Structure formats: structure tokens, C-alpha cells
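Model the following, please.
(one chain, ligands or ions: 1)
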Amino acid sequence: MKRVHNFSAGPSMLPESVLAKAAAEMLDWDGTGQSVMEMSHRSKAYESIIAGAERLVREVMNVPEDYHVLFLQGGASLMFHMIPLNFMTVNKKADFTLTGAWAIKAIEEATRLGKANTVGSSKDKKWSYLPVITGADPEADYLHITYNNTIEGTQYHKIPDTKVPLIADISSGILSEPLDISKFALVYAGAQKNLGPAGVTLVIIKKDLMPRIPANLPAMLSFQTHVDNGSMFNTPPCYAIYIVKLVLEWIQETGGTKALFAANQKKAELLYGYLDQSKFFCSPVESADRSLMNVPFLTRVADPEVAEAVNKKFVKEAEATGLVNLAGHRSVGGMRASIYNAMPIAGVEKLVAFLKEFETKNN
Ligand SMILES: Cc1ncc(COP(=O)(O)O)c(C=O)c1O
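Got it, this is the predicted structure:
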């Protein structure tokens, strides 16, 4: 069997033991004689899976009682619209930090429904830092942040102070470290990074936001519908939720988000440490705001055409040694190593060794 070190930003690596368990249970889940893929979502067996997944989200993320936990579809991208549709409904305006491609998309969707006010932008320096929040509107319905900017490689290491409810896209930071959910009114994440496979979106909503939801929304677009039906108004992404449950069990067995945080810090220190002393590679991100999960990097080659050729060579040669998906996002170029929870330290060690070797040969 061949396994590579996969640095994809998402869908991305899953813990091997989770995949092995899913494989072992593929034909017969817990003596039912059925695969989870074949089960009715209304069966007792499946009800225990989705209830178990919710219980584990609550335990592992320490979700307070006064929050709903939902498993939805449509990705984080649907949340960019559904959140303003449901909650930007009091004064019809919200504040946003503009920190990269996903923040732009969140703002674009909110703009369809009301006023999306930018209260800090890092566009001036190619998204290489997180801006200070200025001009916050005390009457904004909420403040929205992209907690971890997957493409640009920045991450909030301190939750911003705000007088209005705080909403965060935590798609690429979820479960990478302990997060105090009580500081947020709502967090959401597409699963396909630290949580499971693509196809399910986790949404955690403080119950006191619910009265803001307009009564006449299309059923599927109303959070109320999904709360009222325990994430089963329609057929949920059954198999994806089952894998989320297995990933959360793995996290619990591994020591929870505290242990993952320690491991993630070690991996990030190793990689950034190398980049910062390299004469050939560098990180474009200011050190205080660097992401633990997504590490973009560049060469110091000045000529853009030559740099592009070197990047391609790097990605190709890395792939040949079993280090895959290291190309930067198509919108920014360069390289990017996503080092999510499931990436073992051995993968980062191998990457750093390869970076050193490439530097020696090409500098
Ligand atoms: C931070 C962030 N937000 C939103 C998205 C979009 O998520 P989806 O593809 O689940 O709609 C992504 C996808 O990578 C992301 O990284």
C-alpha cells in the first residue's frame, strides 16, 4: 500500500486510524449488516451516529449548553449567504475584517442582503498580516472574521474584542487548538480540513441569536428549520457525519485539542524556523499572525518568470519523493504546506529535509 505525505489545503489528510476503522466497518457497521452509506437516516443505528457526533463536538470543543450544534450542507460558502440572511436582520448591517479571498466572498454575499462594512483590511500588504479593527459600528448586527485564512496563511491568535456578536469562519482552524466558543455568537466550518471529508458543514450557534431569524425564509435556508429538525430536515450527509464522529473520537483518544495544539505548534515551529533562516525560501507572512495550519512560502528568486519555473520544479520534485499538493493556491502562486491535525511530525520533518536539499542544489 502506498501512502504519501499530503499537504493539501482541503480536502486534506485524515488520520490513518480513522480511515482504517471506516474501512473495517464498511460492509457491516456494528453488527447491522449494513454500511453507514446504506442506512436509512431515520434508523436507530444512524440516529446513534449523528447523536454521537453532536455529543463529541460538544465535548471536544467544550461547547456551552446555550449553543445549537448543526451539521449542514452547502459548505462554508453557503454560510456566507445564510448567516446574513438569518442574522443580519436587526439593523441590516454587519462589520467584516477583510483578510483574504474567503473574507472577500463572505463580504460579497452579505452585500447582497444589506450593508457589509469593512473594519480593517490587509489588502495593502497582500494579506500578509491581520489588520487592527478600526471604525467598528456599535449598531452592526455582528462582526465577522475569517479566523484562519487558508490561502494567505494568517490566523487570529487573539480573539478580537467586540461589543457586537462575533461570528467566525473557522473552516481551516477548527480543532487545531482550544477555542473558547463562549466568545462567539456563531462559528462555522466546512469539514474537509480538520474535521472530516467534504460534504458536511459544522455550525455552532448561540441560542440567543435565533429570534433574529425572519419567519418567511425558504425552509432549507433557515437555521430554525435545521434546529427544529436536529439537522435532519432532509437527508443529511450521512457518511460524512459518520467520519466526523470517527475523527472526533480520534481527537479524544489523542488527548483533545490541547494535545493537538502542542503537536501543531511543534510542526509549525519546525517549518517556519527553517523558512526564517533559509537563504533561498521565505515566508511572506508577518510572524505574529502566522497560521498554524497553512504555511505559504516563496523562493527569494527575484525574476517572476524564473521564480515561477523554480516553483514548478519544486512541486514536481517534491511530489516524486512523496510530498504532494505543495503548490500555492492558484490565486497567489508560490508554495503552501497545509499541516493540519492529521499531518504527522514525520511529514513536516521530511518536508524540511527536502527544502534543505532543494536549497543546496538550487541556490
Ligand atoms: C476559510 C475558508 N472559508 C471558506 C471556504 C469555502 O468552503 P467550502 O468549499 O466548504 O464552501 C474555505 C475552503 O477552503 C476556507 O478555507
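
Tell me, how many residues neighbour the closest residue to the ligand within the stretch 1-150 of the chain?
Residue of the stretch 1-150 of the chain nearest the ligand, by Cβ to the nearest ligand atom: G75 (2.5 Å). Every C-beta, even on glycine, is put in place using the N, C-alpha and C of the backbone. Residues within reach of G75, counting by other Cβ atoms under 10 Å, total 18.

my read: it touches Y188, true?
No: between G75 and Y188 there is no contact under Cβ atoms under 8 Å: 9.6 Å.

what about L98, how many residues close to it?
Number of residues near L98 (other Cβ under 10 Å) recorded here: 18.

For the particular helix or strand that has F80 in it, give me every contacting residue.
Per DSSP states H and E: F80 is located in helix 75-87. By Cβ atoms under 8 Å, 6 or more residues apart in numbering, the list of residues contacting helix 75-87 from outside reads 72, 74, 94, 102, 105-106, 108-110, 112-114, 116, 141-142, 144, 165, 167, 169, 171, 185-186, 188-190, 198, 201, 203, 209, 212-214, 217, 221-223.

same deal with stretch 156-170?
Contacts of stretch 156-170 (Cβ under 8 Å, 6+ apart): 76, 79, 83, 87, 95, 97, 102-103, 106, 130, 133, 136-138, 140-148, 179-180, 183-189, 206, 209, 288-289.

Tell me which of those fall in helices.
Counted as lying in helices by DSSP state H, out of the contacts of stretch 156-170, are 76, 79, 83, 87, 102-103, 106.

Please produce a ChimeraX select command covering the buried subset of the contacts of stretch 156-170.
The ChimeraX command for the buried members of those (criterion: 16 or more other Cβ atoms under 10 Å) is given here:
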select :76,79,83,87,95,97,102,103,106,130,136,137,140,141,142,143,144,145,146,147,148,179,184,185,186,187,188,189,206,209,289
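
What segments of the chain are strands?
Taking DSSP state E as the test, the strands found in the chain are 5-6, 67-72, 93-98, 115-121, 143-146, 148-149, 154-155, 166-169, 186-190, 201-206, 281-282, 294-299, 323-324, 335-338.

what's the fifth one packed up against?
Contacts of strand 143-146 with other secondary structure elements, assessed using 3 or more Cβ pairs under 8 Å, 6 or more residues apart in numbering; DSSP states H and E, are made with strand 93-98, helix 101-111, strand 166-169.

what's the answer for the first one, then?
Packed against strand 5-6, as judged by 3+ Cβ pairs under 8 Å, 6+ apart, are the following elements: strand 323-324, helix 345-362.

Quick check: which of the helices and strands packed on strand 143-146 is nearest to R58?
strand 166-169 (17.9 Å; Cβ to Cβ).

List the buried residues for the closest one?
For strand 166-169, by 16+ other Cβ under 10 Å, it's 166-169.

Same question for stretch 80-95.
Buried residues in stretch 80-95, counted by 16+ other Cβ under 10 Å: 80-89, 93-95.

where does the stretch 101-250 of the chain come near the ligand, residue by residue?
Residues of the stretch 101-250 of the chain found near the ligand (Cβ under 6 Å from any ligand atom) are 102, 146, 150, 169, 171-172, 190.

What separation do you get for the nearest residue to E59 once chain neighbours are set aside and L56?
Using Cβ to Cβ, 6 or more residues apart in numbering and skipping residues adjacent in sequence, the residue nearest E59 is Q252, 7.1 Å away. For Q252, the distance to L56 (Cβ to Cβ, to the nearest Å) stands at 7 Å.

Please say which of these two ends up with more neighbours.
L56 (19 against 14).

What count of nearby residues applies to the residue of the stretch 201-350 of the chain found nearest the ligand?
Closest residue of the stretch 201-350 of the chain to the ligand, Cβ to the nearest ligand atom: T201 (6.4 Å). Residues lying near T201 (other Cβ under 10 Å) number 25.

residues contacting the closest residue to it other than its chain neighbours?
Leaving out its chain neighbours, the residue that sits closest to T201 by Cβ to Cβ, 6+ apart is L72, at 4.7 Å. Neighbouring residues of L72 by Cβ under 8 Å, 6+ apart: 78-79, 200-201, 203, 226, 231.
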